[in-house]
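# Quick one, structure for this:
(one chain, ligands or ions: 2)
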Amino acid sequence: MNILGIETSCDETAAAVVRDGHTILSNVISSQVDHHRPYGGVVPEIASRQHLAFITEVVTQALDQAGLWFDDLDAIAVTQGPGLAPSLLIGLHAACGMACSTRKPILGINHLEAHLYSPILTTTLPDDRDQLFPLISIIVSGGHTILAHATAIGQHHVLGQTKDDAAGEAFDKVAKLLGLGYPGGPEIDRLAATGNPAAIAFPRSMLDDPSHQFSFSGLKTSVLYHIRRSYHIDRLQPGQLSPTDLANLCASFQEAVVDVLVGKTIRAARLHNVRNIAASGGVSINRRFRQKLAAACQQRHYRLHLAPADLCTDNAAMIAGLAYYKLKANPTGQHLADITPSIGLPDTQFIGRHTASQLP
Ligand code: KG4
Ligand code: ZN
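Ligands and ions are numbered 1, 2, ... in the order given. This is a model prediction of the structure:
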């Protein structure tokens with residue numbers, strides 16, 4: 001079954017064709033990061049205009065690279081939410097237009113649910129599927145930090161999430177305090193590589209809390225207080241610190257985030273007696289996070305599932321991959337495919353499908 005996935009929830013315009021839920025025939029991502037960089041964050045109006053400008057080209061490229069055309073598709077899947085409403089609307093309207101004109105079924109997919117399953121959807125052969133559950137999956141992105149327990153694809157329960165900033169948001173905000181560019185996560189990852197992670201003792205917020213919740217705003221404030229105390233300003237200018245001091249600050253901050261993410265993931269796996277752990281979302285690219293999570297999993301004999309970088313950040317392959325299982329689970333389901341900008345990750349749910357002939 002060939003499914004075209006479309007993803008426009010934030011600032012990546014993406015389209016992909018995935019066969020039978022796991023064979024990626026194409027995965028095209030058009031990043032808008034250069035357009036948002038001068039503003040230090042994603043500007044919703046710029047994002048939606050860029051999606052509008054590029055969506056047709058991105059979809060065409062995805063079909064071309066897959067060597068397929070609309071007739072060869074079995075369904076079109078599109079991100080419903082969560083995300084920026086104006087951005088989601090561009091993807092949804094493009095998908096509805098294509099579904100209408102080609103009379104293909106259209107499915108709305110929850111972006112976070114797609115992240116949750118992305119490491120196992122796209123990197124594992126179907127024969128291995130039985131071995132993958134139960135699973136603890138951590139989603140660490142710019143907008144979310146979620147720990148979930150899954151027993152099958154589409155069967156999950158949210159254990160906990162962040163009470164304030166997401167992990168990626170903390171990276172981006174701290175990068176601003178350090179006078180670094182946007183997005184901050186990759187910059188901090190790069191600079192931290194030569195720093196001493198024990199140079200500054202930043203707090204490991206909620207690491208010892210018995211809940212599965214996270215909090216990163218206190219850590220961000222600790223970095224601010226450290227800058228104030230040490231340099232008597234609120235925000236560093238580029239080049240203000242010596243390379244060693246900057247590297248040490250980045251490494252110490254990064255270590256605090258990573259220790260919390262890894263510690264709470266391992267604890268959730270132990271409490272729920274699972275053998276599989278997965279991580280997804282932009283922050284899961286972080287090299288220190290991968291290194292420490294892999295070491296912790298190896299030590300305790302957990303199987304770790306990590307996707308390659310282009311499947312960790314926002315992409316449409318994860319949307320098309322999950323859609324295959326949604327379609328299989330409910331081939332005749334008829335639900336409205338509207339956008340859901342502010343619905344997070346509901347516990348096990350079916351989001352929806354209706355056929356082109358039923359569209360208004
Ligand atoms: O999943 P994603 O592409 O988009 C969202 O759905 O949010 O994640 C983007 C986030 C940004 O906050 C970015 O700074 C962070 O992921 N990020 C990283 C790294 N690469 C991207 N954070 C830490 N280390 C990285 N290498
Ligand atoms: Zn995302």
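
# State the distance from the residue lying closest to R228 once chain neighbours are set aside to ligand 2.
Computed as CB to CB, 6 or more residues apart in numbering, the closest residue to R228 that is not its neighbour in sequence is D234, at 6.4 Å. Quick note: C-beta positions are derived from backbone N, CA and C, even for glycine. Distance from D234 to ligand 2, counting by CB to the ion, to the nearest Å: 30 Å.

# Could you do S141 as well?
Distance from S141 to ligand 2, by CB to the ion: 4 Å.

# Wait, A16 touches D314, no?
No - if you go by CB atoms under 8 Å, A16 and D314 don't touch, sitting 11.2 Å apart.

# Now for these two: what residues contact both?
Residues touching both A16 and D314 (CB atoms under 8 Å, 6 or more residues apart in numbering) are E7.

# Those two: which has the busier surroundings?
A16 (31 against 27; other CB atoms under 10 Å).

# isn't there a helix covering that one?
No - if the criterion is DSSP: H, G, I helix; E, B strand; the rest coil, then A16 is strand and not within a helix.

# check contacts around it.
By CB under 8 Å, 6+ apart, the contact set of A16 is 4-5, 7, 24-28, 62, 315-317, 319-320.

# Top of these by number of neighbours, please.
In terms of neighbour count, A320 stands highest of the contacts of A16 at 37 neighbours, by other CB under 10 Å.

# Relative to P238, how far out is that residue?
According to CB to CB, to the nearest Å, A320 and P238 sit 40 Å apart.

# go on, V257?
For V257, the distance to P238 - CB to CB - is 22 Å.

# Okay, buried residues for stretch 196-213 please.
Residues of stretch 196-213 classed as buried by neighbour count (16 or more other CB atoms under 10 Å): 197, 199-200, 202, 204-206, 212-213.

# Around ligand 2, pick out the residues from the protein.
By CB under 5 Å from the ion, the residues of the chain that approach ligand 2 are 141, 314.

# Next, give phi and psi for the spatially most central residue of the chain.
Nearest to the geometric centre of the chain sits G281, at 2.7 Å (CA atoms, centre = their mean). Backbone torsions of G281, given as degrees, to the nearest 10, read phi 90, psi 160.

# contacting residues for it?
Each residue near G281 by CB under 8 Å, 6+ apart is listed here: 115, 139-142, 144, 168, 312-313.

# please redo it, this time with the cut-off set to 7 Å
G281 makes contacts with 115, 139-141, 144, 312, as judged by CB atoms under 7 Å, 6 or more residues apart in numbering.

# Which two of those residues have the greatest separation?
Farthest-apart pair in the contacts of G281 is H144 and C312; separation 13.1 Å (CB to CB).

# The two - which one has more neighbours?
Between H144 and C312, counted using other CB under 10 Å, C312 has the larger neighbour count: 25 against 21.

# Residues of this structure that sit close to ligand 1?
Residues of the chain lying close to ligand 1 by CB under 6 Å from any ligand atom are 10, 141-143, 168, 171-172, 183-186, 189, 281-283, 285-286, 313-314.

# Just the ones in strands from the buried residues of stretch 196-213, please.
If you go by DSSP state E, the buried residues of stretch 196-213 have nothing in strands.

# out of everything not next to it in sequence, what's closest to G40?
Distances taken as CB to CB, 6+ apart put Y182 closest to G40, at 5.0 Å, once the chain neighbours are dropped.

# Surely that neighbour touches G41?
Yes - in this structure, Y182 is within contact of G41 by CB atoms under 7 Å, at 6.4 Å.
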